[in-house]
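A.B. asks: model the following, please.
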Amino acid sequence: MKLLRQTASGVLFSLGILFLMVALLAPFDESDPPEERRSTLLGGLMLGVPLVAGGGWLRWGLHRDWQREESDRLRQLFFQTAQSHNGCFSVIQFAMAANISGSTAKQYLDERAKEFEASFEVDEQGGVFYRFPLRQFEQPQDLS
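C.D. replies: Numbers count the residues shown, from 1 in each chain. Alright, predicted model coming up:
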């Protein structure tokens, strides 16, 4: 389905650009009478604008879906990394696990630190670690 949407987006956008180019060049074609040039211009615009808009709309939807998938992937990797490191890990550890840049990893971890009220630790070499609280709660006892 994704491939179909990508293909449709490309085809619609390309056809739209083609019609818009015809519309933009029509006024300069001296071999056609003025009425025909005007018709070509209007026809190109009437076909080109909706095709470009449709292709752009499909492309925007694909981009939005990609962002959602990437957000879900990073969230899952964040929880896996937090659990496997007992809630204490560095930017580079997360960047390596998620295969993202250090600045993107730092920005993501800063957002999660605010969300989950994390603290920071500094090791002997000056490395900064995020400490996310992973609390283990006891099962409530039967009060009866």
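A.B. asks: in this structure, which residue is most central in space?
C.D. replies: By CA atoms, centre = their mean, the chain has its centre lying nearest to Gln67, at 2.9 Å.
A.B. asks: which secondary structure element contains that one?
C.D. replies: Using DSSP states H and E, Gln67 falls within helix 34-84.
A.B. asks: so which residues make contact with whichever helix or strand comes after that helix?
C.D. replies: Sequence-wise, the next helix or strand downstream of helix 34-84 (DSSP H and E) is strand 88-90. The contact list for strand 88-90 (CB atoms under 8 Å, 6 or more residues apart in numbering) reads Thr81, Ala82, Glu121, Gly127, Val128, Phe129, Tyr130, Arg131, Phe132. Yep, even glycine has a C-beta here, placed from its N, CA and C like the rest.
A.B. asks: name the helices or strands packed onto the helix or strand of the chain at the bottom of the mean pLDDT ranking?
C.D. replies: Counting by mean pLDDT, DSSP states H and E, the weakest-scoring helix or strand in the chain turns out to be strand 119-122, with a mean of 90. Judged by 3 or more CB pairs under 8 Å, 6 or more residues apart in numbering; DSSP states H and E, the packing partners of strand 119-122 are strand 128-131.
A.B. asks: okay, buried residues for the strand it packs on please.
C.D. replies: Phe129, Tyr130, Arg131 (16 or more other CB atoms under 10 Å).
A.B. asks: quick one: it to chain centroid distance?
C.D. replies: Centroid separation for strand 128-131 versus its chain: 27 Å, with CA atoms, centre = their mean, to the nearest Å.
A.B. asks: same check, this time on stretch 17-29
C.D. replies: For stretch 17-29, the distance to the chain centre is 34 Å (CA atoms, centre = their mean).
A.B. asks: just use 242 as the starting number from now, easier for me
C.D. replies: Happy to do that; since the first residue is 242 now, the last one works out to stretch 258-270.
A.B. asks: give me the contacts around that stretch.
C.D. replies: Applying CB under 8 Å, 6+ apart, the contact partners of stretch 258-270 are 273, 278-279, 281-286, 288-290, 292-293.
A.B. asks: which of those residues are buried? Put it as a PyMOL command.
C.D. replies: Applying 16+ other CB under 10 Å to the contacts of stretch 258-270, the buried members can be selected in PyMOL as follows:
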select buried, resi 278+281+282+285+286+288+289+292+293
